[in-house]
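Asker: model the following, please.
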Amino acid sequence: MKRFVLALLFSLSPVGAQAACSDPANPGVDWHDCDMTGAHLEGAPLMGADLSGANLTGAYFFGPLLDEGARLNSANLSGATLRGAYMRSTILVGANLQGADMQGANLVGANLAGANLRRANLQNANLQGANFEGANLEGANLEGANTTSTIR
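Answerer: Numbering: from 1, shown residues only. Just a heads-up that it's a prediction; the model follows:
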């Protein structure tokens, strides 16, 4: 009986819990390492979400709320649409944003160190205080962007 109770308690323990890739878009959702290719997440409330390592190639995020330190480090967002995204303090360290459309996005205080932003559209984006140290901005469109940031 004692072994059964211990086994039951262990099976209910959150230790080792995995991301549920089918969970709905909600604040704090854990989609790390999920394949979300082409996902349609318009206006999704993803504050504090963990999308680390997720494949979001070609995803459509028009106007999502990704602030409050949402984690997208090493996520693949190549070709994603993030127009008007609210990504304040978002962690995008090493993320692939090649060719992403981030026109008008709010990236105030975001950490994009080492991110690939090659040919990304950051036109009219608010980049105040964002960290772009070691990021690849080759061919990126920064027209009209507030670039009071660490861009090297």
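Asker: centre of the chain to stretch 97-108, how far?
Answerer: The chain centre lies 11 Å from the centre of stretch 97-108; the measure is Cα atoms, centre = their mean, to the nearest Å.
Asker: so what would you say the end-to-end distance of that stretch is?
Answerer: Taking Cα to Cα, to the nearest Å, stretch 97-108 runs 17 Å from one end to the other.
Asker: contacts for it?
Answerer: 67, 77-90, 112, 115-130 (Cβ atoms under 8 Å, 6 or more residues apart in numbering). The way it works is simple: take the backbone N, C-alpha and C, and place the C-beta from them, glycine included.
Asker: neighbouring contacts of stretch 136-152?
Answerer: 115-135.
Asker: so how do I select the buried members of these in ChimeraX?
Answerer: In ChimeraX, selecting the buried portion of the contacts of stretch 136-152, with burial taken from 16 or more other Cβ atoms under 10 Å, looks like this:
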select :115,116,117,118,119,120,121,122,123,124,125,126,127,128,130,131,132,135
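Asker: out of the contacts of stretch 136-152, which sit inside strands?
Answerer: Using DSSP state E, the members of the contacts of stretch 136-152 that fall in strands are 131-132.
Asker: now, which of the contacts of stretch 136-152 lie within helices?
Answerer: For the contacts of stretch 136-152, not one is inside helices, with DSSP state H as the criterion.
Asker: where does pLDDT dip in the protein?
Answerer: Scanning the chain with the threshold set as pLDDT under 70 gives 1-19, 62-65, 67-68, 149-152.
Asker: alright, that wraps it up for me.
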